[in-house]
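Asks: predicted model and sequence below, questions to follow.
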Amino acid sequence: MHSHTTNLAHLYLPLLTDPQPVVRRQACALLLATYGEHGLTLLRRMLNEDDRELDRQTRMALQHIAELTDLQVHLQPFSGMHIECLGRTRIFVGNREISLDTWVRQEHGTVGWQKVQGVLAYLLHCGRRGATRAALEAAIWGNAAPTTIGRTLQALRRLITDLLGEAAATKALTITDRFCLFSPEVYHSDMQAFEQTFNLACHTEDGHGLAAAAALYRQALRFYGGPYMIDITQGATWAMARRDHLRSSFLIAAERVAEHAYSQQRYHECVAVCTQIFDADETADELVAWLLRAYRQMGQSCALEHTYRRYLRANALDEGCPDAREDMVVLTYQKMRTVVAV
């Protein structure tokens, strides 16, 4: 039995399909302000439902968004398996999200759903290389004796069979006495999309400059939903290096978008990008430096001072200390003060 979570985009349908254009515009702005472009994904997951009226309203809502914005809007329903690894780990099959804890309780009440989630996450992490059974045991169970690994792997096989069918599950999942593999060929993930787009953006910038790559960097930012597998408690050790690498790539993409927006004198866009990052990561020094520069160009001295002081407090920096004098944000701020004084 498939379990799926409530899609909150349902709440926007009456407004996005309202006869009055002003209501549709306001609803569109609210949806995008709340969810960003992920709001389009939420709507698209309601396509091809058994309820034909719901399907009709969803298509109408997406068409109105296409008319009101320059966003790329798709009217085809999702297909296949999609797994989100950036932020919370989530599984989608077609348009439906699978609630793993509910599925395990219904189908395998004696198996802990977090162990099933952890095993699946580790096999996703290992990709096409797969993992030895010993490595899998160490990653998920640690030093504890994995007395339940057999039942956990059986539950995972049942899950994949339930989601994809017997034939596809046989191709997707390999479990032997010594080796386990979940083939990347049977699913798409946000991590794959992020890494491919980021790498293409870097290659484009190397060959053609930042202006040519800026749109790709923006697209990479849209794919990044948060720290890698942040809800996998067993992944605190084995996921850390990948999490740091992906975070570093994300910050580079954001910095490149901020620099391009600043160079084009789109200071409000620069502020929007940098503020979003700063609110989630107060150590992002390069983004804070661009934020200070943009505030200065906009004449927002109060916002500039508040941001600078907040950065100092968050990072326990005393601008009079030698270490602080080498900090990028402090150097940027001091340079601004020197220019103003002159």
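Replies: All right, it came through fine.
Asks: going by C-alpha atoms from here, please, whenever you check contacts or count neighbours.
Replies: Noted.
Asks: so which strand or helix has the closest residue to residue 32 other than its chain neighbours?
Replies: Nearest residue to residue 32 in three dimensions, chain neighbours excluded: residue 39, at 6.1 Å (CA to CA, 6 or more residues apart in numbering). With secondary structure defined by DSSP states H and E, residue 39 is part of helix 38-44.
Asks: quick check: next helix or strand after that helix?
Replies: Next along from helix 38-44, by DSSP H and E: helix 52-68.
Asks: which parts of the stretch 201-342 of the chain are strands?
Replies: Assigned strands in the stretch 201-342 of the chain: none (criterion: DSSP state E, counting those that start in this stretch).
Asks: hang on, the earlier thing: burial of the residue nearest to residue 32, as a residue count?
Replies: Counted with other CA atoms under 10 Å, residues neighbouring residue 39 total 19.
Asks: use 166 as the first number for this chain going forward.
Replies: All right, first residue 166 from here; so that's residue 204.
Asks: what residues are up against it?
Replies: By CA atoms under 8 Å, 6 or more residues apart in numbering, the contact list for residue 204 reads 174, 196, 197.
Asks: and what of residue 473?
Replies: Applying CA under 8 Å, 6+ apart, one finds that residue 473 lies in contact with 457, 494, 498.
Asks: stretch 250-264: end-to-end distance?
Replies: 15 Å (CA to CA, to the nearest Å).
Asks: and that stretch, what's its mean pLDDT?
Replies: For stretch 250-264, mean pLDDT is 85.
Asks: what ranges does the stretch 166-315 of the chain have for its strands?
Replies: Assigned by DSSP E, counting those that start in this stretch, the stretch 166-315 of the chain shows strands spanning 246-249, 255-258, 261-263, 296-297.
Asks: partner strands of the shortest one, with direction?
Replies: Read it as strand 296-297. The pairing partners recorded for strand 296-297 under DSSP bridges are strand 344-347 (antiparallel).
Asks: and the strand it pairs with, average pLDDT?
Replies: Averaged across strand 344-347, the pLDDT comes to 93.
Asks: next SSE after that strand?
Replies: Beyond strand 344-347 in the direction of the C-terminus, DSSP H and E gives the next helix or strand as strand 352-354.
Asks: just the buried positions in that following strand, please.
Replies: Neighbour-count burial for strand 352-354, counted by 16 or more other CA atoms under 10 Å, picks out 352, 354.
Asks: okay, how far is it across stretch 368-382, tip to tip?
Replies: Termini of stretch 368-382 sit 11 Å apart (CA to CA).
Asks: not counting sequence-adjacent ones, nearest residue to residue 284?
Replies: Residue 284 sits nearest to residue 305 (CA to CA, 6+ apart), 6.7 Å away.
Asks: the one you found reaches residue 279, doesn't it?
Replies: No. Residue 305 sits out of contact with residue 279 when judged by CA atoms under 8 Å, with a separation of 9.8 Å.
Asks: between the two, which has more neighbouring residues?
Replies: residue 305 (24 against 18).
Asks: relative to residue 377, how far out is that one?
Replies: 43 Å.
Asks: same thing with residue 294?
Replies: For residue 294, the distance to residue 377 equals 34 Å [CA to CA].
Asks: out of the contacts of residue 473, who has the most neighbours?
Replies: Neighbour max across those (other CA under 10 Å) = residue 457, 25 neighbours.
Asks: check contacts around that residue.
Replies: 469, 472, 473, 497, 498.
Asks: of all pairs in those residues, which one is the farthest apart?
Replies: 472 and 497 (12.5 Å; CA to CA).
Asks: follow-up on the earlier one: which among the strands of the stretch 166-315 of the chain is found nearest to residue 440?
Replies: Proximity to residue 440 (CA to CA) singles out strand 246-249 among the strands of the stretch 166-315 of the chain, at 24.4 Å.
Asks: give the other helices and strands that the closest one contacts.
Replies: With contacts taken as 3 or more CA pairs under 8 Å, 6 or more residues apart in numbering; DSSP states H and E, strand 246-249 sits against strand 255-258, strand 352-354, helix 355-373.
Asks: as TSV, these with distance to residue 264 would be great.
Replies: TSV is the format used below for the helices and strands packed on strand 246-249 (distance: least, CA to CA, whole Å):
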stretch	distance to residue 264
strand 255-258	8
strand 352-354	17
helix 355-373	18
